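1. Build me a model from this:
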Amino acid sequence: MSSPIRCEGVAKRFRRVAAVDGLELEVPEGSIYALIGPNGAGKTTLIKMLVNILQPSEGRCLVLDMDARRLAEREFEQIGYVSENQDLPEWMTVDYFLAYLKPFYRNWDDGLAAELIRDFQLPRDRRLGRLSRGMKMKAALTSSLAYHPRLILLDEPFSGLDPLVRDELIAGLLDRAADTTIFVSSHDLSEVESFASHVGFMDAGRLQCSEETTKLYERFREIEVTLGNIDRFPSDWPDSWSKPRHSDAVVRFVDSRFDAALTLAAIAERFPGSTNVSLRPMSLREIFVSLAQAGRQLRGER
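-> Purely as a prediction, here's the structure:
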């Protein structure tokens, strides 16, 4: 099965600044892929390369099996795009906006557009410029779903929205795009934690990890060890153990390659006589923070 998105050694530089650096990425067909990372990580730059707004300095982006630099009408008819900074023709009413777009898409579905207008409670005769931010995002999403795209790219689509509007947008997206690959970038984990099937973590232009969400949850644990009497704190700290914090009585750390038997054996070896070991699953937000802090330590940042 082909991948709707595949990046091969992609880099994008702006003079001396590498916004994206050596990116290798493959997004499975039919997945809901959340690209997470702090502001400035390179997420928006990547999405702009995927739709040929920007071109890579090195490597290539393949979108729907086509080099993104050669995307044409046939491919764009299968791609939906919604961005937090998307410019809409504010003088158009909602109805006029959708009618204007319809001729560009052979698969435009008037019935689906009408359903979305109803479910999102969009005021059909109101100008886009007079809509709230949440309503503008609903109008943009309606215009991107109405032609049944094979791929939807969402760049920080829920940023700054109140929780009710965000949940309405997510519900509308999931209900109307069951057979569509969804690629969403975000720095707010609460936006994507409930529905992403795959997660990639991007930091300083590099992809730090990319995997199924369930597997990511399985391999991360926050561990607390109640210490017995130890002569010295161990120096052979495993590479997968990060964020060590300890006192005379307790040591806490994050294990990013958790395996119950191997982890407990490593703890017993390094902390003989420990009286209690707590293994706590982590939320996506906690995993995100742990990865971000580990990246900063590697780069020598505070």
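2. Look up which helix or strand A266 falls in, please.
-> helix 260-270 (DSSP states H and E).
3. So which bits of that helix are buried?
-> Neighbour counts over helix 260-270 (16 or more other CB atoms under 10 Å) mark T263, A266, I267, R270 as buried. Just so you know, the C-beta spots here come from the backbone N, C-alpha and C atoms, and that holds for glycine as well.
4. Which other helices and strands does whichever helix or strand comes after that helix contact?
-> Counting by DSSP H and E, the next helix or strand C-terminal to helix 260-270 is strand 276-281. If contacts are counted by 3 or more CB pairs under 8 Å, 6 or more residues apart in numbering; DSSP states H and E, strand 276-281 sits against strand 221-226, helix 260-270.
5. Contacts made by strand 276-281 with the rest, please.
-> With CB atoms under 8 Å, 6 or more residues apart in numbering as the test, strand 276-281 has contacts from 217, 220-226, 258, 260, 263-264, 267.
6. Using a markdown table, lay out the helices and strands packed on strand 276-281 together with mean pLDDT and distance to F201.
-> Output for the helices and strands packed on strand 276-281, formatted as a markdown table (pLDDT from 0 to 100; distance: least, CB to CB, whole Å):
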| stretch | mean pLDDT | distance to F201 |
| --- | --- | --- |
| strand 221-226 | 93 | 17 |
| helix 260-270 | 91 | 22 |
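7. Can I get those in CSV including distance to D239?
-> Shown next, in CSV, are the helices and strands packed on strand 276-281 (distance: least, CB to CB, whole Å):
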stretch, distance to D239
strand 221-226, 15
helix 260-270, 11
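8. Show me the strands in the chain, by range?
-> 5-14, 17-27, 32-36, 58-63, 66-67, 79-83, 151-155, 181-186, 198-203, 206-212, 221-226, 241-246, 250-255, 276-281 (DSSP state E).
9. out of those strands, nearest to R126?
-> strand 79-83 (19.3 Å; CB to CB).
10. Could you give the separation of that closest one from the chain centroid?
-> The chain centre lies 14 Å from the centre of strand 79-83; the measure is CA atoms, centre = their mean, to the nearest Å.
11. Apart from its neighbours in sequence, what residue is nearest L101?
-> Leaving aside its sequence neighbours, L101 sits nearest to S143 (CB to CB, 6 or more residues apart in numbering; 5.5 Å).
12. That neighbour and G200: what is the separation?
-> Distance of S143 to G200, given as CB to CB, to the nearest Å: 26 Å.
13. Looking at the helices and strands packed on strand 276-281, spot the one closest to E168.
-> Short answer: strand 221-226, nearest of the helices and strands packed on strand 276-281 by CB to CB, at 33.3 Å.
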